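Student: here is a sequence together with a model predicted from it:
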Amino acid sequence: MGIISWIILGLLAGAIAKFLLPGRDPGGFFGTTVIGVAGAFIGGWISARWLDHPITKQFYDGATWAAAIGGSLVLLVLYRVLFGDSRR
């Protein structure tokens with residue numbers, strides 16, 4: 001997959017992570033989008049590096065989607081923990 005595919009996957013993974021973890025986010029839509037893209041990259045890297053599952057060239061691979069969504073969820077939780085109370 002190319003960089004554009006990872007960005008699109010990250011946008012979708014960020015939306016899915018936001019759906020799975022509803023609530024107020026400090027960054028709003030833009031912050032969630034950036035977290036989704038970063039989560040897709042980090043999840044893919046972790047999957048290839050430590051879980052011994054290289055990222056395939058197929059956009060519709062379930063393990064790739066799971067890694068991207070999992071990375072987005074982890075980053076979203078960390079983002080809420082670190083910056084969640086700043087809007088009050």
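Tutor: Sure thing, it's come through.

Student: how much space separates Ala48 from Phe41?
Tutor: 11 Å (Cβ to Cβ, to the nearest Å). Any C-beta I mention is one placed from the backbone N, CA and C, and that applies to glycine too.

Student: can you give me the helices in the chain?
Tutor: Counting by DSSP state H, one finds helices in the chain at the ranges 3-20, 28-49, 62-83.

Student: make JSON lines from these and add mean pLDDT and mean neighbour count to it.
Tutor: Formatted as JSON lines, those follow (pLDDT from 0 to 100; neighbours: other Cβ atoms under 10 Å):
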{"stretch": "helix 3-20", "mean pLDDT": "81", "mean neighbour count": "17"}
{"stretch": "helix 28-49", "mean pLDDT": "79", "mean neighbour count": "19"}
{"stretch": "helix 62-83", "mean pLDDT": "82", "mean neighbour count": "19"}
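
Student: contacting residues for the spatially most central residue of the chain?
Tutor: Using Cα atoms, centre = their mean, the residue of the chain that lies closest to the mean C-alpha position is Ser72, 2.4 Å off. Shown in contact with Ser72 (Cβ atoms under 8 Å, 6 or more residues apart in numbering): Gly10, Ala13, Gly14, Ile16, Ala17, Ile35, Gly36, Ala38, Gly39, Ala40, Gly43.

Student: try it again at 6 Å.
Tutor: Ala13, Gly14, Ala17, Gly36, Gly39 (Cβ atoms under 6 Å, 6 or more residues apart in numbering).

Student: which residue is the nearest non-sequential neighbour of the fourth one?
Tutor: Across the structure, with Cβ to Cβ, 6 or more residues apart in numbering as the measure, the residue nearest Gly36 apart from its sequence neighbours is Gly14 (1.7 Å).
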